[in-house]
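structure for this input, please:
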Amino acid sequence: MPGGRLTQQERQQIALGLADGLAYAEIARRLDRPTSTITREVMRNGGPTGYRADLAHRATEQRAHRRRQAAPRDRRAPEQAHGRDAEAVRAYEETFTTLLMASGLPKMMARVLTCLYITDDGSLTASELAQRLEVSPASVSKAITFLESQDLVRRQRDEGRRERYVVDNELWYQATIAAARSNVQLAETARQGVAILGPDTPAAGRLESIARFVDFIGESIARAAEQAREVLYTKVEPASDGAAGPSADR
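Numbering: from 1, shown residues only. Sure thing, here's the model as predicted:
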């Protein structure tokens, strides 16, 4: 019987077993693991209806990382700018990455995007990303290509003609507008189905309801994004009485 921690492949098999409605004992038998191992794994990672192999594996990595941090270490964490707590920054980076993965981004793409967002300049070169994330330049390049295709990052040249990857406020706005447009496309596709399936059929009625719903959502998102665009360019600065107040920064 195998011992040690569950592998990512085993977690994928657990997820498939749950999707097929298998009992914990049957999943355990197929993996040659104790039933208690499978039960504990599923219940600590979302339960039978919320279990996701990639997120469960990520959560296990985080717990192991925290245990390593708690153990005595000979070397100190690298110093952070602005007097930041290096361990707190690292924990926040893990939290942000996990959130992006839960929203659908693959792990490496989520790590790269998080790294860019928590960098003060909002831009890094490929070599800087590879060094910070301790991955190969090829992994960074693949992640950037995907993120760029989703309008989540953009490229620019610095004074030294080096290519940098950038996240900024305008990109966040554009990504929101792109999400609104995807709803419009979904509505159009749903209405094509209405014409094909027949306007008086239950299936067509369902598609028309979906079309109206996503139409409303898409229009609302686009309108709200346009109205709130200035918020992205407004700095919050301390007021004279100590309270925070807005300051335009275009």
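
flag every buried residue along the longest helix along the chain.
Under DSSP state H, the helix in the chain containing the largest number of residues is helix 169-197. For helix 169-197, burial by neighbour count (16 or more other Cβ atoms under 10 Å) applies to 171, 173, 176-177, 180, 183-184, 186-187, 190-191, 193-194, 197. C-beta: built from backbone N, CA, C; applies to glycine.

go on, stretch 51-69?
51, 52, 53, 54, 55, 56, 57, 58, 59, 60.

what about the residue nearest the centre of the chain, which helix or strand?
Nearest to the mean C-alpha position of the chain, by Cα atoms, centre = their mean, lies residue 100 at 1.2 Å. Taking DSSP states H and E as the definition, one finds residue 100 inside helix 86-102.

care to break the chain down by domain?
Split into domains by automatic domain parsing, the chain comes to 8-68, 81-167, 170-233.

chain center to the shortest one: distance?
Relative to its chain's centre, domain 8-68 lies at 21 Å (Cα atoms, centre = their mean, to the nearest Å).

still on that earlier bit, buried residues, the helix or strand that the longest helix of the chain is followed by. List them.
Proceeding N to C from helix 169-197, the next assigned helix or strand is helix 202-228, under DSSP H and E. For helix 202-228, the neighbour count (16+ other Cβ under 10 Å) marks 204, 207, 208, 210, 211, 214, 215, 217, 218, 221, 222, 225 as buried.

tell me the angle helix 202-228 makes with helix 169-197.
160 degrees (axes from the mean of the first three to the mean of the last three Cα atoms, to 10 degrees).

isn't residue 204 right next to residue 197, touching?
Yes: using Cβ atoms under 8 Å, residue 204 is in contact with residue 197, at 4.4 Å.

check the gap between the residue of the chain most remote from its centre and residue 90 for me.
Distance to the chain centre peaks in the chain at residue 200, reaching 40.6 Å (criterion: Cα atoms, centre = their mean). Separation of residue 200 from residue 90 (Cβ to Cβ, to the nearest Å) stands at 59 Å.
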